[in-house]
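Q: Structure of the sequence below:
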Amino acid sequence: MTWAGLKRAFRAAYSDLLRHHTLLQAAGLSYYFVLSVFPGLIFLSAIMGLIPLPNLFGSTLGLMSKLLPPDTMHLVKSVLFDILAAHRKTWLSLGMLGTIWTTSSAFDAMIEALDVAYDVKDTRVFWKARLIDIALAAIVGGLLLTALAVTMVGPHFGVWLASKVHLSQVFVQLWPAIHWTISIGFAVAAVELIYFLGPNVKQRLLATLPGAVLSVSCWIALSALLGFYFRHIANLAWTYGALAGFIAFMTWSYWNSVALLVGAELNAELAKESAKGQLPPKEGTIVEETSSRAA
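A: Predicted coordinates:
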């Protein structure tokens, strides 16, 4: 793609962000995310309880505390511990169905927003769309869990691994950078699959990489900036009282949803620019405005 085509794609993506009311779409996504995150974490705690590693779920929450605002983590921990204390033995049985349905509903809302970004209509039948939602929830959840696991092993794992497979001291020195690279790579792969399998269009997997990299980069930057803002500048407790943790959580999920949709808009416009206005759909056609923009 030429530099001129790249600039046109960025301009078109910005125009579509306004035309598609992306900020409003992100507000809806953050609502569904908040609805699904607690059932998902509760189910995750039940699954991790079957893994023979000490305090694995506690370590996961500890890592989340580095990414989420402090008020949010206080809210998450208090809700989780209260529910788990009352229903720990039933979540793997009865709670599983509700968890799967709630989480898949969040992905269903995400797919609808992605279809808007790609200017397509979702013509897939209900059962097929719901299976895609569930598959995306499982695959993306697994990739993000792997990213968390790689992050949690820490620098000492590099020393242990080097001693087991007889690697050089250079590997041990590089391991801190390697394990963060692997973790971010799994996160990028998770977002790529969302962009690849979600919208009702045909595209190459590598074509979704630019938006995925942009989205994950924005997630990391936004988490750092919001964490600093909530810790040192904002006083949500003074304004919202007991709701401070919930407001911080909604703010964090909202801006991360914006980042996800921005990446989708960029991918859609890059694909249209590369194909010169022709993006083959899975089931249906795309209403494209590239020619009118060029004119």
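
Q: If you count neighbours, what's buried in the helix or strand that Ile111 is a member of?
A: Ile111 belongs to helix 94-117 when assigned by DSSP states H and E. Within helix 94-117, the residues scored as buried using 16 or more other C-beta atoms under 10 Å are 95, 99-100, 102-117. In this view, the C-beta of every residue, glycine as well, is placed from N, C-alpha and C.

Q: swap in stretch 237-248?
A: So for stretch 237-248, counting by 16+ other C-beta under 10 Å, buried means Ala244, Gly245, Phe246, Ile247, Ala248.

Q: Only alpha carbons, please: show that stretch as PDB.
A: Presented in PDB, the C-alpha positions along stretch 237-248 are these (Å, rounded to 0.1, in the frame of the first residue of the first chain):
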ATOM      1  CA  ALA A 237     -14.900   8.800  46.300                       C
ATOM      2  CA  TRP A 238     -15.600  12.500  47.100                       C
ATOM      3  CA  THR A 239     -18.000  12.800  44.100                       C
ATOM      4  CA  TYR A 240     -19.500   9.300  43.900                       C
ATOM      5  CA  GLY A 241     -19.000   7.800  47.400                       C
ATOM      6  CA  ALA A 242     -19.600   4.100  47.500                       C
ATOM      7  CA  LEU A 243     -20.000   4.000  43.700                       C
ATOM      8  CA  ALA A 244     -16.400   5.200  43.100                       C
ATOM      9  CA  GLY A 245     -15.100   1.800  42.200                       C
ATOM     10  CA  PHE A 246     -18.000   1.100  39.800                       C
ATOM     11  CA  ILE A 247     -17.500   4.500  38.100                       C
ATOM     12  CA  ALA A 248     -13.800   3.800  37.700                       C
END
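
Q: Which pLDDT value goes with Leu270?
A: Looking at Leu270, its pLDDT stands at 90.

Q: Begin at 19, not 1, for the rest of this chat.
A: Got it, the first residue is 19 from now on, which makes the last one we talked about Leu288.

Q: Counting by contacts, list what the helix or strand hosting Leu24 packs against.
A: Using DSSP H and E, the element containing Leu24 is helix 21-37. Judged by 3 or more C-beta pairs under 8 Å, 6 or more residues apart in numbering; DSSP states H and E, helix 21-37 is in contact with helix 262-292, helix 308-312.

Q: Nice, that's everything, thank you.
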